[in-house]
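Enquirer: Pasting the sequence and the predicted coordinates here, then a few questions.
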Amino acid sequence: MTFCLCSLGSSIPRTRTMLDIITIHSDIEDGEKYYTEEENYYSEDEEIQAITKSQWFGNLAPDQPYSAELFTQLFYGELPNGQRMRKEVMGDGVERVGYDLTFTLPGKSLSMQIHGPNGDKRLWHAHIEAVKEVMAIVEQRYAAARVQVAGDRQIVKTGNIAACLVNHHESRAGDPHVHTHVVLFNGTQCPDGEYRALYKELLSQSGVLGDIYHQKLALKVQALGYEIEETAEGFELAGVTKEQIQHFSKRSTEIEDYIKEQGWSNTPNSRRKAVIATRLAKDKSLSLEQKQDRWSREMQAVGFGGIIPADHPIAPKNQETPRELLDAAIGHLSERQSSFDREDIQRFVFSHLRSFDEGPLNEEIDKHPDLLTAWDGRFTTQTAVDRDIRIIENWLKGNDSVAPLNPNADFSDTKLNSGQAEAMRRLLSSTDQFQILKGLAGTGKTTAMAIAKEQ
């Protein structure tokens with residue numbers, strides 16, 4: 001008799017976490033003011049205004065110029081046309097007003113190059129372009145709502161969002177730190193014309209948007225003539241030393257020191273807790289121009305005078321084609337599971353920087369001869385189908401073909417709970433050759449099997 005223990009969970013390893021998605025509730029500290037207080041600090045400099053001004057995004061976003069008043073209206077669910085973009089919460093209940101998708105320039109050198117001596121604002125525009133391209137994916141692929149259809153709750157794609165890009169340029173430790181908070185307001189218009197709250201789970205489960213953002217940004221930075229060096233967190237500009245980067249990474253150092261003091265492992269969850277625990281208010285006593293002057297002096301003091309880009313695009317180092325990497329992804333995924341989806345493929349391919357973004361890869365996915373459509377947008381292969389058929393045939397041959405191992409097994413004096421004990425009794429009293437014990441990770445499958453062996 002053969003047993004198979006299966007834990008429910010993803011088999012796709014993640015190499016780095018790059019895009020935070022945080023739920024914003026109506027009881028957030030300072031309410032909407034965190035997002036409406038722009039970092040230009042009332043600057044009259046047009047260049048500063050251009051890189052700090054908030055911007056609307058999405059098919060449901062207002063067609064009016066940005067204003068803090070309109071942002072606040074959307075934040076609390078009111079559309080410019082007077083309609084609600086989601087149902088109103090009754091009484092004093094706390095509601096989800098939106099989601100904060102934070103896109104941060106990888107590493108530190110790009111922020112230094114934007115705000116240092118002879119700062120190159122083209123890099124900032126490249127960042128914004130990459131953010132908008134990723135948000136277009138969010139709108140097309142992940143905008144959805146739950147709809148009641150004939151008594152059945154269904155997930156319906158809507159293809160429209162209302163969002164606002166809120167641009168920040170400074171860390172709480174006072175270093176240059178370019179990042180954009182995309183506030184995704186909690187509402188969407190469904191095909192029936194009704195407005196409903198967003199169904200966030202599709203977005204939360206993606207896990208690939210950060211990789212796509214980094215890939216798009218890397219290609220744009222190289223197109224501007226900059227050489228880059230891939231890192232565990234993304235990439236840095238070539239020519240900037242570790243010491244120079246460290247000097248302007250005081251906030252990261254604070255967070256890492258706090259994690260060490262607490263004795264925590266350096267995990268994404270630990271970092272999020274450390275960020276909150278060590279958060280200080282930003283210094284608003286200086287304008288962004290004054291801070292740029294200070295940063296330039298500090299950079300020159302550590303020997304950073306800015307990087308001079310080439311006058312031609314830089315070719316990416318990795319020149320594997322989309323088809324070659326897709327073949328590798330299919331081979332890797334189909335060894336481990338019978339079906340997989342587009343995001344699984346993208347996570348595998350974009351776990352490192354490539355010479356292309358998701359567009360050419362999607363084209364190859366759509367025409368690959370070995371990919372078969374399974375269900376819910378998932379794929380399988382003929383090899384996987386043939387393998388599953390052989391498994392099923394062998395399984396059926398083994399049904400009612402062996403003597404039970406112990407039909408009288410008694411687990412009353414063991415530490416197994418009722419569910420574990422019942423599962424073990426069924427396994428030991430079965431006449432089938434092959435059996436599967438399936439359960440969530442950590443529910444005691446291995447422990448129960450060890451006790452069953454003693455029977």
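Expert: Nice, I can see it.

Enquirer: Buried ones in stretch 209-226, by neighbour count?
Expert: Applying a neighbour-count criterion of 16 or more other CB atoms under 10 Å, one finds 209-222, 225-226 buried in stretch 209-226. All C-beta atoms are positioned from the backbone trio N, CA, C, and that covers glycine.

Enquirer: buried residues in whichever strand or helix holds residue 23?
Expert: In this structure, residue 23 sits in strand 20-25 according to DSSP states H and E. Residues of strand 20-25 classed as buried by neighbour count (16+ other CB under 10 Å): 20, 21, 24.

Enquirer: between these, which is closest to residue 122?
Expert: residue 20 (25.7 Å; CB to CB).

Enquirer: show me what contacts the closest residue to that closest one other than its chain neighbours?
Expert: Nearest residue to residue 20 in three dimensions, chain neighbours excluded: residue 102, at 4.6 Å (CB to CB, 6 or more residues apart in numbering). The neighbours of residue 102, taking CB atoms under 8 Å, 6 or more residues apart in numbering as the test, are 19, 20, 22, 179, 180, 181, 182.

Enquirer: Now do the SS call for residue 102.
Expert: strand (DSSP: H, G, I helix; E, B strand; the rest coil).

Enquirer: where does it land on pLDDT?
Expert: Looking at residue 102, its pLDDT is 95.

Enquirer: thinking again about what came up before, which residues does the next helix or strand after the strand holding residue 23 contact?
Expert: Once the chain leaves strand 20-25, the next helix or strand it forms, by DSSP H and E, is helix 33-36. Contact with helix 33-36 is made by 28, 54, 68, 71, 72, 75, 164, 166, 181, 183, as judged by CB under 8 Å, 6+ apart.

Enquirer: Spell out the residue ranges of the strands in the stretch 51-200 of the chain.
Expert: 55-57, 96-104, 144-149, 152-157, 163-170, 176-185, 188-189, 195-196 (DSSP state E, counting those that start in this stretch).

Enquirer: Could you do the stretch 201-350 of the chain as well?
Expert: 228-231, 234-237.

Enquirer: can you put these in a markdown table and add distance to residue 299?
Expert: Listed next are the strands of the stretch 201-350 of the chain as a markdown table, based on distance: least, CB to CB, whole Å:
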| stretch | distance to residue 299 |
| --- | --- |
| strand 228-231 | 19 |
| strand 234-237 | 13 |
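
Enquirer: So which of those is nearest residue 387?
Expert: Using CB to CB, the nearest of the strands of the stretch 201-350 of the chain to residue 387 is strand 228-231, at 35.2 Å.

Enquirer: Adding distance to residue 124, write the strands of the stretch 51-200 of the chain out as a markdown table.
Expert: A markdown table is the format used below for the strands of the stretch 51-200 of the chain (distance: least, CB to CB, whole Å):
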| stretch | distance to residue 124 |
| --- | --- |
| strand 55-57 | 13 |
| strand 96-104 | 12 |
| strand 144-149 | 32 |
| strand 152-157 | 32 |
| strand 163-170 | 8 |
| strand 176-185 | 6 |
| strand 188-189 | 29 |
| strand 195-196 | 34 |
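
Enquirer: Out of these, the one nearest residue 330 is which?
Expert: strand 152-157 (25.7 Å).

Enquirer: partners of that closest one, with directions?
Expert: Note on strand 152-157: by DSSP bridges, its sheet partners are strand 144-149 (antiparallel).

Enquirer: Give me the residues contacting the partner strand.
Expert: 153-158, 188, 190, 192, 196-199, 202.

Enquirer: And for stretch 322-342?
Expert: So stretch 322-342 is in contact with 11-12, 344-345, 348-349, 354, 356, 360-365, 368, 370-371, 374-381, 383-384, 387-388, going by CB under 8 Å, 6+ apart.

Enquirer: Tell me the buried residues in it?
Expert: Quick answer for stretch 322-342 (16+ other CB under 10 Å): 322, 325, 326, 329, 330, 333, 334, 339, 340, 341, 342.

Enquirer: Mind checking the pLDDT average for that stretch?
Expert: Rounded mean pLDDT across stretch 322-342 is 94.

Enquirer: just stretch 138-153 next, same as before
Expert: 91.

Enquirer: Would you work out how far apart the start and end of that stretch are?
Expert: In stretch 138-153, first residue to last residue: 22 Å (CA to CA, to the nearest Å).

Enquirer: Buried residues, that stretch. List them.
Expert: So for stretch 138-153, counting by 16+ other CB under 10 Å, buried means 138, 139, 141, 142, 143, 144, 145, 147.

Enquirer: Take those and write them to a markdown table, including distance to residue 446.
Expert: What follows is those, written out as a markdown table (distance: CB to CB, whole Å):
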| residue | distance to residue 446 |
| --- | --- |
| 138 | 39 |
| 139 | 44 |
| 141 | 38 |
| 142 | 36 |
| 143 | 41 |
| 144 | 38 |
| 145 | 41 |
| 147 | 42 |
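
Enquirer: now, the most widely separated pair of these?
Expert: Farthest pair in the buried residues of stretch 138-153, by CB to CB: 138 and 147, 19.5 Å.

Enquirer: Can you pull the poorly scored residue ranges out of the stretch 151-300 of the chain?
Expert: For the stretch 151-300 of the chain, the stretches flagged by pLDDT under 70 are 251-262, 268-269, 271-283, 285.

Enquirer: Show me where it has its helices.
Expert: Assigned by DSSP state H, counting those that start in this stretch, the stretch 151-300 of the chain shows helices spanning 201-204, 209-223, 242-247, 250-262, 268-277, 288-301.

Enquirer: The third one - contacts with which helices or strands?
Expert: To tie it back to what came earlier, the one meant is helix 242-247. helix 109-115 (3 or more CB pairs under 8 Å, 6 or more residues apart in numbering; DSSP states H and E).

Enquirer: likewise the second one?
Expert: Applying 3+ CB pairs under 8 Å, 6+ apart, one finds that helix 209-223 makes contact with helix 122-137, strand 228-231, strand 234-237, helix 342-349.

Enquirer: how about the first one: buried residues?
Expert: Along helix 122-137, the positions that meet the burial threshold by neighbour count (16+ other CB under 10 Å) are 122-124, 126-128, 130-135, 137.
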